[in-house]
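J.: pasting the sequence and the predicted model now:
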Amino acid sequence: MPKNFPMNLKGFHPFGDLLGLSFTKFENGYSQCTLDVVDKLLNPHKVVHGGVLYSMADTGMGAALYSNLDKNELCATIEIKIIYFKAVKSGALICDTKVIHKGKKIATMESEIINDEQLVAKAIGTFSIFKIKNNS
């Protein structure tokens, strides 16, 4: 049975909340999160810091996979590769993520980040799936 979304956290976890992430979709191996570009997310060149886009993809991947995990399973990032296509100065970011393969111990996800209807970054990531040990 799939896990439920932790509704008490808008950004999926405290770091997502810190960035200002907001999830609009979360189901069946798919997630969509959004983020408004604000000054605190800019680098010294006045564009969104690459780490913000990376964190958006990473969190989106975790959420998409989380929606397909059993109650006794957790996941963790193994690796993510991201390609940046265009600098972002303002507006809103939308990150669409889907699980493209889920095995018993490894899953692969793909994220696309859009700004003003343009693809600004694409990422592919691999996550570990592991069982929660019962200490009873």
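T.: Nice, thanks for sending it over. Numbers count the residues shown, from 1 in each chain.
J.: switch to C-alpha atoms for all contacts and neighbour counts from now on
T.: Fine.
J.: okay, now Met61: neighbour count?
T.: 33 (other C-alpha atoms under 10 Å).
J.: apologies, that question was intended for Glu117.
T.: Neighbour tally, Glu117, other C-alpha under 10 Å: 10.
J.: also Asp39?
T.: Using other C-alpha under 10 Å, Asp39 has 12 other residues around it.
J.: Lys89 now?
T.: The local packing of Lys89 (other C-alpha under 10 Å) involves 18 other residues.
J.: which element, helix or strand, includes it?
T.: Assessed by DSSP states H and E, Lys89 sits outside every helix and strand.
J.: residues contacting it?
T.: Residues near Lys89 by C-alpha atoms under 8 Å, 6 or more residues apart in numbering: 37, 42, 46-48.
J.: mind checking which of the residues you listed are buried?
T.: Using 16 or more other C-alpha atoms under 10 Å as the burial test, those include 37, 42, 47-48 as buried.
J.: can you tell me the centre-most residue of the chain?
T.: The centre of the chain sits closest to Gly60, judged by C-alpha atoms, centre = their mean, with a distance of 1.7 Å.
J.: tell me what Thr77 is bridged to.
T.: Beta-bridge pairing of Thr77 under DSSP bridges involves Phe127.
J.: flag every buried residue along the longest helix anywhere in the chain.
T.: In the chain, assigned by DSSP state H, the helix with the most residues is helix 50-66. By 16+ other C-alpha under 10 Å, the buried positions in helix 50-66 come out as 50, 52-54, 56-66.
J.: widest-spaced pair of those residues?
T.: Gly50 and Tyr66 (24.1 Å; C-alpha to C-alpha).
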